[in-house]
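In: Starting from these lines, generate the structure:
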Amino acid sequence: MIPAFIDQRAQNTYTVYANSISPNGYILLMPDFHKRLNEAMPQPMNAGGVLLQKKQKNHKLLWLFILLGMVILGFGFGVTAKVIMSVNTTNTETGEKVAFFDQLRHLIVSPEKQLRGESQDRINILLIGIGGEGHQGAYLADTIILASIKPSTGEVAMLSIPRDLYVDIPEYGYRKINNAMAFGHSNNYPGGGEVLLSRVVSEVTGQQIHYFGRIDFGGFEKIVNDLGGIDINVERSFVDYEYPDNNFGYQTARFEKGLRHMDGATALKYVRSRHGSNGEGSDFARSQRQQKVLLAIKQQGLSFDTLTTPKRIIDALEDLGEHNRTDLQIWEILRLAKMADKIQDTSVVTQALDTTPEGLLKSGTTLDGAYILTPRSGNYDEIQELINNAFSRKSLQNEQPQVEIQNGTKTPGLAAEVSREMPADFTITSISNASRQDYKETLVIDLSGGTKPLSLTWLTDHLNADAITNTPGFLINSSSPVTYEDLQGSGAKVTEQPKSASADFLIILGTEEVSRQTPGS
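Out: Below you'll find the predicted structure:
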């Protein structure tokens, strides 16, 4: 599965209509296409621009062999033509389509290039789902997912952003984030609503958005049907009595626990449901379902049935022609296809912005009573920290850190408040008051013997804390005070003992943490 993305150059911005995108922007190329391209892709170049194994002049023949190879390897000329011809590039500044053969000429003569963000080892792709024509609020963003790819490891991090997040949209003021897509579309924002939404998401996340992909409900239904449906493990039964119908009313959507085979219409209800029972009415649950369906589409797209049924691919390409929009050129699709070799389901980290106890958002209402979500901290710092550390989350899960938190201040409830900020990967073993309440600095004492460095880094960065990494054994086994100055630091005396024998880290909160919890104090 290959994400859709933008290609914005200094001279031109191209919009490409690739007829094979999943509900939130994934481009489904020919099954196993990336593996078949491995030997056909241009070879790496050295710093001087010279190919390491083959001469650069062979590129034209190389790309011709790619197209011929697709036929020889069993895709057939019809399928090959559909894949190539379905990518219709449009210049977003002029609105005119770029001729297919101009793209093909660029593909043949271009040397090996990198995708935007690839040199920084992070490619950020904004995936957008909308209702489309015939739906109320046709261009409001119903689904917003920031997908980040780490090329060096093949890891993918997906962050779901709720459509009710209250943000400052340039030229429109504070509105729900889903309005950015519609405003940009209806008012001819340069590059379209996707570009305006990308700008807003960039402000929230602190990340440069390199590419976008957008699909509507009709396109999503069709691709699921064309693939023969998808298999979804429904983790808990739920009913949504307020699922919208096509007449501005409601219908009932019902899902039973267990492995279910879903057609396009059923899968759409599964990802769109917002008022489900049994805990499925939250933004977190909805985002989890959406990300699960993306992976299911990938699995079905690369299944044996699909691999041996070219008609499925042709049908998907034909059906999706008018249901999606993304910015890319053919050579970029091919490069992502090659990169997709490393991406496995087990290397995908899923996250969501929500109002759960560990979540980074809080709910509220506007002056006119509209439901909104805002950052619990009052700014985007926590959100940006979460995204910056997205790829370390997998390693944190492997370390399985256990943490004890002690309140070394006179502020009641501080330890409990900090515990709610801990990621789900951290196990809180104990929350209590320290024996003293005059600590200034927040201290993180490493009791793991240095075996969990990523967890230590996360704690010290998040809490802006000093670390004691060479803690002597008598800190645990004796009541004798340990002078922090003798170890490393400011001279605060550590007299606390962990109350939990299993703790990997003992956090002692100081008054600096009170200031962090109350910005401006």
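In: got the domain boundaries for this protein?
Out: Listed domain ranges for the chain are 2-218+285-365, 393-517 (source: automatic domain parsing).
In: contacting residues for G359?
Out: 284, 352-353, 376 (CB atoms under 8 Å, 6 or more residues apart in numbering). From N, CA and C alone the C-beta is placed, and that goes for glycine too.
In: let's see 7 Å
Out: 284, 353 (CB atoms under 7 Å, 6 or more residues apart in numbering).
In: so where does it fall, helix or strand?
Out: Following DSSP states H and E, one finds G359 outside all helices and strands.
In: let's number from 79 now, not from 1
Out: Got it, first residue is 79 now, which makes that one G437.
In: And it, how close does it get to I461?
Out: 10 Å (CB to CB, to the nearest Å).
In: what's the overlap in contacts for these two?
Out: Common neighbours of G437 and I461, using CB under 7 Å, 6+ apart, are L431.
In: quick check: mean pLDDT across stretch 255-269?
Out: Mean pLDDT, stretch 255-269: 94.
In: Name the residues of that stretch that are buried.
Out: Across stretch 255-269, burial judged by 16 or more other CB atoms under 10 Å covers 255-263, 267, 269.
In: Turn those into TSV, including secondary structure and distance to F326.
Out: Below are the buried residues of stretch 255-269 laid out as TSV (DSSP: H, G, I helix; E, B strand; the rest coil; distance: CB to CB, whole Å):
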residue	secondary structure	distance to F326
I255	coil	23
N256	coil	18
N257	helix	19
A258	helix	24
M259	helix	20
A260	helix	17
F261	helix	22
G262	helix	25
H263	helix	21
Y267	coil	27
G269	coil	31
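In: Check the domains of the chain for me: which has the lowest mean pLDDT.
Out: Looking at the domains of the chain, the weakest mean confidence is domain 80-296+363-443, a mean of 69.
In: And the helices in the stretch 129-278 of the chain?
Out: Assigned by DSSP state H, counting those that start in this stretch, the helices in the stretch 129-278 of the chain fall at 137-148, 154-163, 178-187, 257-264, 271-283.
In: Over to the stretch 429-578 of the chain?
Out: 459-466, 471-477, 492-497, 531-541, 552-555, 562-565.
In: Could you list every helix and strand in contact with the longest one?
Out: Put plainly, it is helix 531-541. helix 471-477, strand 521-524, strand 583-587 (3 or more CB pairs under 7 Å, 6 or more residues apart in numbering; DSSP states H and E).
In: Return the set of buried residues in that helix.
Out: 532-534, 536-538, 540-541.
In: Can you give the contact residues for that helix?
Out: Against helix 531-541 from outside (CB under 7 Å, 6+ apart): 463, 467, 470, 473-474, 477, 479, 520, 522, 524, 543, 545, 582-583, 585, 591.
In: go again using 6 Å as the cut-off
Out: Residues external to helix 531-541 that are found in contact with it (CB atoms under 6 Å, 6 or more residues apart in numbering): 470, 473-474, 477, 479, 520, 522, 524, 545.
In: Looking at the buried residues of stretch 255-269, spot the one nearest G442.
Out: I255 (14.6 Å; CB to CB).
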